[in-house]
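**Q** sequence below, structure please.
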Amino acid sequence: MDVPSGRDLEVDLQTGRAHGARIYDYVLGGKDNYARDRAAAEAAMSTFPTLQISMRSNRAFMHRVGRFLAAERGIRQFLDIGTGIPTSPNLHEVVQAVAPSARIVYTDNDPIVLAHARALMKSTPEGRTTYVQSDLREPDAILAAPQLTATLDLTEPVGLLAIAVVHFIDDEDEAHRVVRRLLDAVPSGSYFAMSTATGDFDPAGTATVERAYRERGEVLKHRTKAQVERFFDGWELLEPGVVQVHKWRPDDFATALVKNDSDVALLGGVARKP
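**A** Now for the predicted structure:
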């Protein structure tokens, strides 16, 4: 596991504003969050009480995607953009259970993720994991990071994941620019998995979630199905297409978790680069 040195841990945790990764952590029952994160989460859940179901469904979507790409599509290297605070099982645990030699690069812009990276993201002896402290809005910095270039071979297919992260970019043009830069960097045969917030199924409830985030300093942008599908332009979208995350190749857990579609406010899909 490669992480920056101890000196790099002396960073501003920005506890004066809410951060999406820490809100997510609190809603899922974690302890790596602060007052502003908890306030945003509680405000959101007060009017959208199934937020935890939505987030758990998203986490399970990531697990199914990772397992599918490793087991059914033979992907052996992964780039996880906006990984969030580590919560087992993490992506590397899922894919290395299938392929112990798999290599995974994690990225996030929350300094608290860096503080936990060494302890929680440990690879199998045959594989490798590494962490890049970076922002999705700077894809060139991600791609040029020495941790990435030493771990992944971008001439071979990559599983690129952007799970519940693009909704933290408000501007539509910027969101497409950064995603397209990452998509252009991986070769034919690569896969792109994305999930992002939507207001399609409970507009009133999700609007209160967006407001709770924004009032405490964190962007949250809900997108329609048509807007999400645009991110996959030029790639071969796999069945069942862009759907609510619990409906993407569901297993028994996904089916049991969600009782009503309006409980889940995230869309997801997976596509292959031709």
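
**Q** contacts and neighbour counts: CA atoms only from here.
**A** Will do.

**Q** isn't Asp263 right next to Met55, touching?
**A** No: judged on CA atoms under 8 Å, Asp263 makes no contact with Met55 at a distance of 9.9 Å.

**Q** please name every helix or strand in contact with the strand or helix carrying Leu161.
**A** Using DSSP states H and E, Leu161 sits within strand 159-163. Using 3 or more CA pairs under 8 Å, 6 or more residues apart in numbering; DSSP states H and E as the contact test, the elements touching strand 159-163 are helix 51-71, strand 77-81, strand 191-197.

**Q** who touches the residue nearest to the spatial centre of the chain in this structure?
**A** Residue closest to the average C-alpha location in the chain (CA atoms, centre = their mean): Ile163, at 2.4 Å. Neighbouring residues of Ile163 by CA atoms under 8 Å, 6 or more residues apart in numbering: 58, 62, 80-83, 193-196.

**Q** swap in 7 Å and give it another go.
**A** Counting by CA atoms under 7 Å, 6 or more residues apart in numbering, Ile163 touches 194-196.

**Q** picking up where we left off before, check the offset of the strand holding Leu161 from the chain's centre.
**A** In terms of CA atoms, centre = their mean, to the nearest Å, the centre of strand 159-163 is set 7 Å apart from its chain centre.

**Q** over to stretch 254-268?
**A** On the basis of CA atoms, centre = their mean, stretch 254-268 is displaced by 17 Å from the centre of the chain it belongs to.

**Q** re the thing from before, beta-bridge partners for the residue nearest to the centre of the chain, please?
**A** Ser195 (DSSP bridges).

**Q** after the helix or strand bottoming out on mean pLDDT in the chain, next one along is what?
**A** Of all the helices and strands that make up the chain, the one with the lowest confidence by mean pLDDT, DSSP states H and E is helix 111-120; it has a mean of 73. Of the helices and strands lying after helix 111-120 in sequence (DSSP H and E), the nearest is strand 128-133.

**Q** so for that next one, what gets flagged as buried?
**A** 128-133 (16 or more other CA atoms under 10 Å).

**Q** CA atoms only for that strand - export them in PDB, please.
**A** What follows is strand 128-133 as a C-alpha-only set of coordinates in PDB (Å, rounded to 0.1, in the frame of the first residue of the first chain):
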ATOM      1  CA  ARG A 128      -1.500  -3.900  -5.000                       C
ATOM      2  CA  THR A 129      -3.500  -0.900  -3.700                       C
ATOM      3  CA  THR A 130      -2.400   2.700  -3.600                       C
ATOM      4  CA  TYR A 131      -4.000   6.100  -2.700                       C
ATOM      5  CA  VAL A 132      -3.900   9.400  -4.500                       C
ATOM      6  CA  GLN A 133      -4.900  12.600  -2.600                       C
END
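
**Q** perfect, I'm done here.
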